[in-house]
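Peer 1: I need the structure of the sequence given here:
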Amino acid sequence: MQPIQIISICGSVGLLIGIIELIRRNLLKERYAILWLFSAVVILVLSIWKKLLDKIAGLIGVAYPPSLLFLVAFIFFLLILLHFSIVLSTLSEKNKILAQDLALLRTKLEGVDMGRGDKDD
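Peer 2: Residues are numbered from 1 along each chain as shown. Sure thing, here's the model as predicted:
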C-alpha cells in the first residue's frame with residue numbers, strides 16, 4: 001500500500017466520521033448530508049479499491065491514478081457548492097418576499113390603528 005493511498009483512506013474515513021458526527025449533533029441536516037455522505041463513500045471506495053481506481057484512470061486517460069481520486073473529490077465539492085448556491089439563492093428570494101409581505105402587513109396594521117385612533121377622539 002502506497003503512502004498516498006493511506007493518506008486518501010485516512011482522509012476519506014475522517015470526512016465520513018466528521019459528516020456522521022455533524023448529523024448526530026443536528027448541525028448538518030439530512031437533506032444536505034446525503035451529498036456529503038455519497039461523496040465520502042465514493043472517495044473511500046476508490047481509496048481502498050486501488051484496482052478500480054487504476055482501471056477508471058486508464059479508461060479516461062489519467063496517468064497517475066491517485067490524482068483521479070482528488071479530481072473526483074474536487075468534482076463532488078463543486079457539485080456540493082453548486083447545490084448550496086442554489087439553496088442560498090432560493091432562500092434569499094424567499095427572504096426578500098417575506099420582508100416585503102411583512103412591510104405590507106405593517107403598513108396595513110398601522111392604517112387600521114390610525115383609523116381606530118381617529119374614532120376614539
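Peer 1: Who are the packing partners of the longest helix that the chain contains?
Peer 2: In the chain, assigned by DSSP state H, the helix with the most residues is helix 65-120. Counting contacts by 3 or more Cβ pairs under 8 Å, 6 or more residues apart in numbering; DSSP states H and E, helix 65-120 packs against helix 3-24, helix 30-48, helix 50-60. Every C-beta, even on glycine, is put in place using the N, C-alpha and C of the backbone.
Peer 1: now, of these, which is deepest in the fold?
Peer 2: With neighbours defined as mean count of other Cβ atoms under 10 Å, the helices and strands packed on helix 65-120 peak in mean count at helix 30-48, which reaches a mean of 16.
Peer 1: Tell me which other helices or strands that helix touches.
Peer 2: Applying 3+ Cβ pairs under 8 Å, 6+ apart, one finds that helix 30-48 contacts helix 3-24, helix 50-60, helix 65-120.
Peer 1: what pLDDT, on average, does the last one get?
Peer 2: To tie it back to what came earlier, the one meant is helix 65-120. What helix 65-120 shows for mean pLDDT is 87.
Peer 1: how far out from the middle of the chain is that helix?
Peer 2: 16 Å (Cα atoms, centre = their mean, to the nearest Å).
Peer 1: With stretch 47-65 instead?
Peer 2: On Cα atoms, centre = their mean, the centre of stretch 47-65 falls 26 Å from that of its chain.
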